[in-house]
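[1] The sequence isn't on hand, but the structure is:
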């Protein structure tokens, strides 16, 4: 059964347009209750800072209580915090109301199972099947209860802080922290400050509409200017829901997810703590693969999406993986991508080695990549279009072993992503534009 509403990361879309409406959220809660807690249970609900989060929070609360499920409301907290506390509180499942790195006029609803992991495709399909039956309201004796558990956010801060080596602090580090005016705006600066770092916050003043707006991991321009301007040790940028991490070195240069994975994996290799292969995606820079293999570290590529990286890590017994965008998985620490947790591991390497972020990242050569997002009226699989496929084959033959072509539909937006990677940047731009032009033509 093809999923109609669930994408790669829950249900997502434009607020006010189906399925991101109050009516749908109410029905989704009722359907999820029947699948995930048919005999009653407890759900933890968190969110980011979008204005519409209050609306969806109320709708989900009503749907779950009416279906006999108890609801714990924790308010704004990073997605990985919800995953952790779902497990910590022994809830039957957890929910995050967020559209991650999108702007405020989008929102989404994503689920965690009782272990803090993502739902399987089969469970999501079962929930979609239940949506056909509408919402239910049990008798008064069988209704759930709702309560606020906002003070429990401190438990997530402590959990992340305890991931550092015993006795290590962040004293002496000056850090500029950009929380994208999103879910991490309180807990991330507080955690870093409690560990002894000097904090300069930006993107930590949400107003319901400014999430990811010219700030955070997708727009780190201000952070790049601020870090060298205040002579900070590093900059830390999260996305709106706090599961993506990008860092900035002392010279104002971006250190992306691939480089951060390289830093963490290399440090673990040196310490004899690295288990299994490192897993990236088909979009991971070829330089990451080259640098890791030069140290004897096996590297594998999964489909794009942290759920696929997670699946491959579990299959091959690995613990470190992620995406160029900054989704970084550290399975010995937590169950899902966690920007704060990943940042702490990188900062720990800086403290232990005495090296700056630029020095640590220098060991990974970067192959030039060109990414073009081609907007389409409706998502489709470009591999099924002969004209597109023939162009891709022609470009791949031109690049040979010194480059790669990746073409895929986005799982969250109506775009086709065209990526070309080669040793020469001119080649990547020329080839990417050639393929993108064909995609535009067939999509029009």
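    Received, thanks. All values reported here derive from a predicted model rather than from experimental measurement. Numbers count the residues shown, from 1 in each chain.

[2] The longest helix anywhere in the chain packs against which elements?
    If you go by DSSP state H, the chain has its longest helix at helix 425-443. Contacts defined by 3 or more CB pairs under 8 Å, 6 or more residues apart in numbering; DSSP states H and E place helix 425-443 against strand 369-375, helix 386-399, strand 403-409, strand 415-422. (Each C-beta comes from the backbone N, C-alpha and C, glycine too.)

[3] Quickly, which of those bottoms out on average pLDDT?
    Per-stretch mean pLDDT for these is lowest at strand 403-409 (a mean of 88).

[4] Could you chop the chain up by domain?
    Annotated domains of the chain cover 11-152, 156-238, 255-361, 369-443 [automatic domain parsing].

[5] Nearest to residue 245 among the ones you listed would be which one?
    domain 255-361 (3.8 Å; CB to CB).

[6] if we can go back for a sec, residues making contact with the longest helix of the chain?
    The list of residues contacting helix 425-443 from outside it, by CB atoms under 8 Å, 6 or more residues apart in numbering, reads 368-372, 374, 376-377, 380, 382, 385, 387-388, 391-392, 395, 398-399, 403, 405, 407, 416, 418-422.

[7] one more time with 7 Å
    Helix 425-443 has contacts (CB atoms under 7 Å, 6 or more residues apart in numbering) with 368-370, 372, 374, 376, 382, 385, 387-388, 391-392, 395, 399, 403, 407, 416, 418, 420-422.

[8] hmm, back to that, could you dump the helices and strands packed on helix 425-443 into TSV with mean neighbour count and distance to residue 265 added?
    Converted to TSV, those look like this (neighbours: other CB atoms under 10 Å; distance: least, CB to CB, whole Å):
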stretch	mean neighbour count	distance to residue 265
strand 369-375	17	20
helix 386-399	15	27
strand 403-409	20	21
strand 415-422	24	20
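
[9] Next, format those as JSON lines and append distance to residue 272.
    Formatted as JSON lines, those follow (distance: least, CB to CB, whole Å):
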{"stretch": "strand 369-375", "distance to residue 272": "32"}
{"stretch": "helix 386-399", "distance to residue 272": "38"}
{"stretch": "strand 403-409", "distance to residue 272": "32"}
{"stretch": "strand 415-422", "distance to residue 272": "32"}
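
[10] Can you tell me which of those is nearest to residue 352?
    strand 369-375 (30.6 Å).

[11] so what secondary structure elements neighbour the closest one?
    Here strand 369-375 touches strand 415-422, helix 425-443, going by 3 or more CB pairs under 7 Å, 6 or more residues apart in numbering; DSSP states H and E.

[12] now, of the ones you listed, which is deepest in the fold?
    Mean neighbour count (mean count of other CB atoms under 10 Å) peaks for strand 415-422 among those, with a mean of 24.

[13] Mind listing the strands that strand pairs with, and their directions?
    strand 369-375 (antiparallel), strand 403-409 (antiparallel) (DSSP bridges).

[14] now the angle from the last one to helix 386-399?
    Note on geometry: by axes from the mean of the first three to the mean of the last three CA atoms, to 10 degrees, strand 403-409 and helix 386-399 are set 160 degrees apart in direction.

[15] just the first one next, same as before
    When the same axes, to 10 degrees is applied, the directions of strand 369-375 and helix 386-399 differ by 170 degrees.

[16] outside of strand 369-375, which residues touch it?
    285, 414-421, 428-429, 432-433, 436, 439-440, 443.

[17] circling back to that earlier point, how about the domains of the chain in a markdown table, adding distance to residue 247?
    Formatted as a markdown table, the domains of the chain follow (distance: least, CB to CB, whole Å):
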| stretch | distance to residue 247 |
| --- | --- |
| domain 11-152 | 16 |
| domain 156-238 | 6 |
| domain 255-361 | 4 |
| domain 369-443 | 19 |
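
[18] of all those domains, which lies closest to residue 249?
    That would be domain 255-361 among the domains of the chain, by CB to CB, at 4.0 Å.

[19] Distance across the closest one, terminal residue to terminal residue?
    Start to finish, the residues bounding domain 255-361 are 7 Å apart (CA to CA, to the nearest Å).

[20] What is the distance between it and the centre of its chain?
    Distance of domain 255-361 from the chain centroid (CA atoms, centre = their mean, to the nearest Å) equals 14 Å.

[21] just use 53 as the starting number from now, easier for me
    Noted, 53 is the first residue going forward, which turns the last one into domain 307-413.

[22] So the closest residue to residue 379 other than its chain neighbours: helix, strand or coil?
    Among residues not flanking residue 379 along the chain, residue 389 sits closest, at 4.0 Å (CB to CB, 6 or more residues apart in numbering). Under DSSP: H, G, I helix; E, B strand; the rest coil, residue 389 falls in the coil class.

[23] and residue 389, how many residues sit next to it?
    Counted by other CB atoms under 10 Å, the residues lying close to residue 389 total 30.

[24] isn't it right next to residue 382, touching?
    No - contact criterion CB atoms under 7 Å: residue 389 and residue 382 do not qualify, at 8.9 Å.

[25] May I see the helices and strands packed on strand 421-427 arranged in a markdown table, with distance to residue 326 as well?
    Listed next are the helices and strands packed on strand 421-427 as a markdown table, based on distance: least, CB to CB, whole Å:
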| stretch | distance to residue 326 |
| --- | --- |
| strand 467-474 | 25 |
| helix 477-495 | 31 |
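
[26] and of the ones you listed, who's closest to residue 296?
    Per CB to CB, nearest to residue 296 of the helices and strands packed on strand 421-427: strand 467-474, 16.5 Å.

[27] Can you say which helix or strand has residue 315 in it?
    helix 309-323 (DSSP states H and E).

[28] what's the next helix or strand along the chain from that helix packed up against?
    Moving toward the C-terminus from helix 309-323, the next helix or strand (DSSP H and E) is strand 330-333. Under the contact definition 3+ CB pairs under 7 Å, 6+ apart, strand 330-333 sits against helix 309-323, strand 351-354, helix 358-368, strand 372-374.
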